[in-house]
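# Quick one: sequence and predicted model below, then my questions.
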Amino acid sequence: MNEHSDFLKKGGFTPAFTPPPEPPAPAWTPEGFARTAVRALIGSLLFNWNKVAHMGVAFSARRNSELVNKADSLDYCVSPDEKGILRGGSLPWSYVRDLCEDSLDERQKSKDVQRTLATLPSHVTFAFNTAPAPALKDENIISTAFKKAGFTHTTRKTFLYRGEAGIDPISLIKSDTRNKIRAAQRDMEIVPMGIDEFFSFYEANLEAIGKTNNFFVKIDQALFEAGASGRDPKVDILAARRKTAEGNSPIEAAIACSCGDDGFYKFTRISYKRGQSSDMEQPPHKHAIKFLVYEAMKRSADRGLVLDVDGTTEGGETLYSRFGVFEETYRNEYSRKTSATLLKGKIIPLLQKIL
């Protein structure tokens, strides 16, 4: 079994900068449905009580059509998914961090964070990611504030690489992986790739293996387009193809990355061809992903940023362990669901199956 197949079977990369998708629904039971409904109800009550406590009003009608928004020091996005459910959360290039003024005491910091969360709209299903440890300041205060506002807390493992500008990290990488990267360097080249081209490539690769995308591609694409605009682009797409004299070989693998003021250069989505297509003279290079990761290591270091793989799966863990330079850590995720999410995402599909 080649490493591409092994990577795919173990989960590959998990895109995680947009609100996480709903997991496949388990077999319906009255007890399971009741637990889900109660959790959603309690979360909504806490969320709106936080509004009453810190704004004097519940069920905020703060509605607008902007993709990128700001609540005090908290940047976030809002967009409808394929079912029309409004989803929001952290921007690809901006982890939740630095929500508190250093000059405040703990009690004042807590109130400030709760007041910020109280300004969020009630009709949006949210998921926020905090900066990986130890970059997040006032972690306990922020965590407590989110929980008091009705958010559910989970932790997610991720891997970081802290490089130095101008220093090629190839000598730091484990010898076996280093040799595979050098083989890919001989055979392949890094080329630019547009946003539309990347997302078409991503969906085509899923379709080719009979898989369905569950990570809100349209939201991600809109965010990348927003991040690419302006004088300070916050997105970077790395693509690899075979070297040819004509320079027109098809792209075989690509990674969409985001970078911003939070100090991180993050993997957001990765895609690669699993088999030989009609426009290819030979099967996809089995070390293309390693080549792209190595290129991202260099780019992040040259920009003075920390490379963050933005969450990982079993397949990702295997890959990064083979490099020998990634630091294992975690980040926190805080999410809440609205009644519309429960209705459109759970109840209506169940009724359709029953009826």
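Ah, there it is. Numbering: from 1, shown residues only.

# Could you export the strand or helix carrying residue 222 as CSV, CA atoms only?
Remark: residue 222 resides in helix 217-228, with elements defined by DSSP states H and E. Extracted as CSV, the C-alpha positions of helix 217-228 are listed here (Å, rounded to 0.1, in the frame of the first residue of the first chain):
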residue,chain,number,x,y,z
VAL,A,217,-16.7,24.3,0.7
LYS,A,218,-18.7,27.3,-0.4
ILE,A,219,-18.1,29.0,3.0
ASP,A,220,-14.4,28.3,2.9
GLN,A,221,-14.1,29.5,-0.7
ALA,A,222,-15.9,32.8,0.1
LEU,A,223,-13.6,33.3,3.1
PHE,A,224,-10.5,32.6,1.0
GLU,A,225,-11.6,35.2,-1.5
ALA,A,226,-12.2,37.7,1.2
GLY,A,227,-8.7,36.9,2.7
ALA,A,228,-7.0,37.3,-0.7
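
# Toward the C-terminus, what is the element adjacent to it?
strand 235-242.

# Pull up the pairing partners for the helix or strand just after that following strand, direction included.
Counting by DSSP H and E, the element after strand 235-242 in chain order, helix or strand, is strand 251-259. According to DSSP bridges, strand 251-259 forms sheet pairs with strand 235-242 (antiparallel), strand 264-272 (antiparallel).

# And strand 251-259, how far out from the chain middle?
13 Å (CA atoms, centre = their mean, to the nearest Å).

# for stretch 326-346, same thing?
11 Å.

# Could you tell me how far the closest residue to residue 167 other than its chain neighbours is located from residue 110?
Closest residue to residue 167 apart from its sequence neighbours, by CB to CB, 6 or more residues apart in numbering: residue 301 at 6.9 Å. Placement of C-beta: from N, CA and C, glycine included. Taking CB to CB, to the nearest Å as the measure, residue 301 falls 36 Å from residue 110.

# Then residue 55?
Relative to residue 110, and taking CB to CB, residue 55 is found at 16 Å.

# out of these two, which sits in the more crowded spot?
Taking other CB atoms under 10 Å, residue 55 and residue 110 do not tie; residue 110 has more neighbours (19 against 12).

# tell me the secondary structure for the more buried one?
Following DSSP: H, G, I helix; E, B strand; the rest coil, the label given to residue 110 is helix.

# Counting neighbours, what do you get for the nearest residue to it once chain neighbours are set aside?
Excluding the flanking residues, the one nearest residue 110 by CB to CB, 6+ apart is residue 141, at 5.3 Å. Residue 141 has 21 neighbouring residues, counting by other CB under 10 Å.

# Next one, pLDDT for residue 141 please.
Looking at residue 141, its pLDDT is 93.

# Residue 317 looks like it's in a strand, true?
No: using three-state DSSP, the assignment for residue 317 is helix, not a strand.
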